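> Return atomic coordinates for the entry below.
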Amino acid sequence: MSTLPAVVCAGGSGPERVHATLASAAGDHALCVTSSIEEDGAAAGLARVLRLEPWPGPHRALEQAVDEVAGEPVALLASGTTLRRNALRRAGELLGRGTAVVVLAETRRKARALQRRIRLYPRATFQPGSGVVLSAEAAPVLRERGWLQPDATLTVADIEAIAGPIRVLGAAIHPAPPRALEHMTVTVLIPAYNEEAWIGDTLRSLEQQTRRPDRVVVVDDGSTDRTGVIAAALGARVLRPPRKQGQKATALNYGLAHIDTDAVIVLDADTLFHPEAVEHLMVELERGTDATCGAVLPMNERGIWARGRAIEYSVAMRIHKRIQRGLGSVFVLSGCISAFRTEALRTIGGFSERTITDDVDATWSLLTRRFSVSYTPEAISYTVEPPNWQIYKAQMRRWAGALFQTLPYHVKRLHKKPSLALVVGAAMWDVVTVPIFFVSTAVMIATGHARASAMIGLWAAAAMTVTLVASISVIGVRRTLKSFPASLLMLWTNLYFFFEALVREWVLRRRSLAWVKGH
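Here you go, the predicted model:
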């Protein structure tokens, strides 16, 4: 017996996503809970519209909408979740066989894995959200027990005792973050020094998250401007060390001592989060990962260095980080958007103060102690890039110096994580051999080695094509072509800074921990 459920779609993320969800989930009837006039228009003709003002967030919107379709089986979808063909029919068949809750997972493989976890871990907390289908009997009972609220704490066993069996289908194409079996509390930790120009926008980007953090802590490290005042006015807890720490790692550790949540997300004070960033990061942690980082894109592309970074970040987002994730060894958890299990971070002693940057050392410490480290490309941040050469130089000298300061502390432990040794070795190989390759190429071309020159030209063309394709997939054709010349210049300048750091740190032994601020 098949019972086609009514569709309830929660907006809040734009008309395009609302339309995509409703178009894929056409049933007997649908209700769309919207947050704007634009979303009303996107839902017109596809669903009955219910506007909620002020917008309560997707979880509470779905909870309120359940009452509108009382007495019927219901499919709860946040905008952005699109379903495979016949997904609702298949879910209806399961409801007809006595299933109370059907979860629409992204793929069949993920559905099998999630079903296995439900079977093996009945005491795990099971969260509701986009892509769940409830029977007519289960919907009101679970709503009354508060399961549809974002801070729900019902376990798998509780739900099955209250409502009936849970089943999982591989039926969603582009879902909102999959259901997690563990609900973790999270604090966003922001170190800040004289950031009054940006701290307000940064904190407001957290207010717009689909999953709001439980706490926001700003460590005001001796600011002489209104950074702390603005942060406090926007609801953050502001910590002021008794004396200026002067280094990002020490400021982070000061804040870490005041954190009591299960997880901590580190965010730079001049970085904005995409509205779904916290949700995606937390889903990754709640799957069992100990630490993860998101993708980084420039907040704007004014100036040659910001344009070059747009290409650099796009290639990292599409290629480098994904390969590293596949190997199980992300080279660095980006300092502007990283999430950690608090216990794992404290196990390695917090953020290391022995090198010029905190992120590389912390990442390698986690990996060599066999913690799991991942990459979550759906979690996107937008950061301020250097506006001029002086600030860019200071930033690159810091980043390059970090590699050669960190490696001696970990070289004897790299055998414990062979994939990390491979990633680090590849980075060092690039630093040493790429300049030699370019110089030898120039010599061969100048001396008339036509065959070798042709082969090198083909290799260079292939590398440039891969770079262009990766960048176009992230920032589009026009922005890629506009930024590509800057990326070529940045390639050479970056190589110079890494060579300079190699000589400075390892040959001349001029080690510096001085933090030069700039953005």
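> Give me the residue ranges of this protein where confidence is low.
1-3, 26-28, 127-130, 150-153, 173-182, 434-435, 437-438, 450, 452-453, 512-519 (pLDDT under 70).
> center of it, which residue is that?
What sits nearest the mean C-alpha location of the chain, by Cα atoms, centre = their mean, is Ala379, with 2.4 Å.
> give the contact list for it.
Residues counted as contacts of Ala379 (Cβ atoms under 8 Å, 6 or more residues apart in numbering) are 273-274, 276-278, 280-281, 284, 292-295, 337. Quick note: C-beta positions are derived from backbone N, CA and C, even for glycine.
> Tell me how far the helix or strand harbouring Gln405 lies from the chain's centre.
Assigned by DSSP states H and E, Gln405 belongs to helix 389-410. Helix 389-410 has its C-alpha centroid displaced from the chain centroid by 24 Å (Cα atoms, centre = their mean, to the nearest Å).
> Now the element after that helix, going C-ward?
Criterion used, DSSP H and E; the element after helix 389-410 is helix 418-446.
> Tell me what angle the following helix or strand past that next one forms with helix 418-446.
Per DSSP H and E, the first helix or strand lying C-terminal to helix 418-446 is helix 450-475. Angle between the axes of helix 450-475 and helix 418-446 is 130 degrees (criterion: axes from the mean of the first three to the mean of the last three Cα atoms, to 10 degrees).
> Show me which positions of helix 450-475 end up buried.
By neighbour count on 16 or more other Cβ atoms under 10 Å, the buried set for helix 450-475 is Ser453, Ile456, Thr467, Leu468, Ala470, Ser471, Ile472, Val474, Ile475.
> Val101: which of those is nearest?
Nearest to Val101 out of these is Val474 (Cβ to Cβ; 36.5 Å).
> Report the separation between that closest one and Ser13.
Distance of Val474 to Ser13, computed by Cβ to Cβ, to the nearest Å: 19 Å.
> now the residue nearest to Gly255 when sequence neighbours are not counted, which residues is it bridged with?
Nearest residue to Gly255, sequence neighbours excluded (Cβ to Cβ, 6 or more residues apart in numbering): Val219, at 4.3 Å. As for beta bridges, Val219 partners with Pro191, Leu239 under DSSP bridges.
> For Val219, which residues are in contact?
Contacts of Val219 (Cβ under 8 Å, 6+ apart): Leu189, Ile190, Pro191, Ala192, Leu239, Arg240, Pro241, Gln245, Ala251, Leu252, Tyr254, Gly255.
> Any of those buried? List them.
Leu189, Ile190, Pro191, Ala192, Leu239, Gln245, Ala251, Leu252, Tyr254, Gly255.
> Distance to Arg89 added to the residues you listed, as JSON lines?
Formatted as JSON lines, the buried ones among the contacts of Val219 follow (distance: Cβ to Cβ, whole Å):
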{"residue": "Leu189", "distance to Arg89": "46"}
{"residue": "Ile190", "distance to Arg89": "47"}
{"residue": "Pro191", "distance to Arg89": "52"}
{"residue": "Ala192", "distance to Arg89": "52"}
{"residue": "Leu239", "distance to Arg89": "54"}
{"residue": "Gln245", "distance to Arg89": "59"}
{"residue": "Ala251", "distance to Arg89": "55"}
{"residue": "Leu252", "distance to Arg89": "51"}
{"residue": "Tyr254", "distance to Arg89": "56"}
{"residue": "Gly255", "distance to Arg89": "51"}
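> wouldn't Gly131 be in contact with Thr81 here?
Yes: at 5.2 Å, Gly131 counts as touching Thr81 under the criterion of Cβ atoms under 8 Å.
> Which member of the contacts of Val219 is positioned nearest Ala23?
Comparing the contacts of Val219 against Ala23 with Cβ to Cβ places Ile190 closest, at 39.1 Å.
> measure the closest one to Gly57 for me?
For Ile190, the distance to Gly57 - Cβ to Cβ - is 22 Å.
> And for Gln247?
37 Å.
> any chance you could map the strands in the stretch 51-200 of the chain?
74-78, 101-105, 132-134, 166-170, 186-192 (DSSP state E, counting those that start in this stretch).
> elements contacting the second one?
For strand 101-105, the packing partners by 3 or more Cβ pairs under 8 Å, 6 or more residues apart in numbering; DSSP states H and E come out as helix 87-96, helix 108-120, strand 132-134, strand 166-170.
> in this protein, which strand has the most residues?
strand 373-383 (DSSP state E).
> Dump the C-alpha coordinates for that strand into PDB.
C-alpha atoms of strand 373-383 as PDB (Å, rounded to 0.1, in the frame of the first residue of the first chain):
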ATOM      1  CA  VAL A 373      40.800  15.400  10.100                       C
ATOM      2  CA  SER A 374      38.500  16.200   7.200                       C
ATOM      3  CA  TYR A 375      37.500  19.000   4.800                       C
ATOM      4  CA  THR A 376      33.900  20.200   4.300                       C
ATOM      5  CA  PRO A 377      33.700  22.200   1.000                       C
ATOM      6  CA  GLU A 378      30.000  23.000   1.600                       C
ATOM      7  CA  ALA A 379      31.100  25.200   4.500                       C
ATOM      8  CA  ILE A 380      32.200  28.400   2.900                       C
ATOM      9  CA  SER A 381      33.800  31.500   4.400                       C
ATOM     10  CA  TYR A 382      34.600  34.900   2.800                       C
ATOM     11  CA  THR A 383      37.800  36.500   4.000                       C
END
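> if I look at Asp260, how far off is Thr250?
20 Å.
> Between these two, which has more neighbouring residues?
Shown here are Asp260 and Thr250; by other Cβ atoms under 10 Å, Thr250 has more neighbours (20 against 9).
> Helix, strand, or coil at the more buried one?
helix (DSSP: H, G, I helix; E, B strand; the rest coil).
> how about stretch 138-156: buried residues?
Ala138, Ala139, Pro140, Val141, Leu142, Arg143, Trp147, Leu148, Pro150, Ala152, Leu154, Val156.
> How about stretch 249-269?
For stretch 249-269, by 16+ other Cβ under 10 Å, it's 249-256, 259, 261-269.
> wait, isn't Thr210 in contact with Glu279?
Yes: under the criterion of Cβ under 8 Å, Thr210 makes contact with Glu279 at 4.9 Å.
> quick revisit: helices - which of the buried residues of stretch 249-269 land there?
Ala249, Thr250, Ala251, Leu252, Asn253, Tyr254, Gly255, Leu256 (DSSP state H).
> Please name the residues that touch the second one.
For Thr250, the contact set (Cβ under 8 Å, 6+ apart) comprises Glu353.
> distance of it from Gly350?
For Thr250, the distance to Gly350 - Cβ to Cβ - is 10 Å.
> what's the answer for the fifth one, then?
With distances defined as Cβ to Cβ, the gap from Asn253 to Gly350 amounts to 5 Å.
> do the third one as well
Computed with Cβ to Cβ, the distance linking Ala251 and Gly350 is 11 Å.
> Val102 contacts Val133, doesn't it?
Yes: at 4.1 Å, Val102 counts as touching Val133 under the criterion of Cβ under 8 Å.
> Tell me the residues that contact both of the two, please.
Jointly contacting Val102 and Val133 under the rule Cβ under 8 Å, 6+ apart are Ala91, Leu95.
> wait, what's in contact with Arg509?
Going by Cβ under 8 Å, 6+ apart, the list of residues near Arg509 is empty.
> Looks to me like Phe351 is in a helix.
No: counting by three-state DSSP, Phe351 is not part of a helix but coil.
> ok, now which ones touch it?
So Phe351 contacts Lys248, Ala249, Leu252, Asn253, Leu256, Leu345, Asp358, Asp361, Ala362 (Cβ under 8 Å, 6+ apart).
> do the same with Arg318
Ala470, Ser471, Ser473, Val474.
> Quick check: it vs Lys416, distance?
29 Å.
> coming back round to it: wait, which of the strands of the stretch 51-200 of the chain is closest to Pro5?
Proximity to Pro5 (Cβ to Cβ) singles out strand 74-78 among the strands of the stretch 51-200 of the chain, at 4.4 Å.
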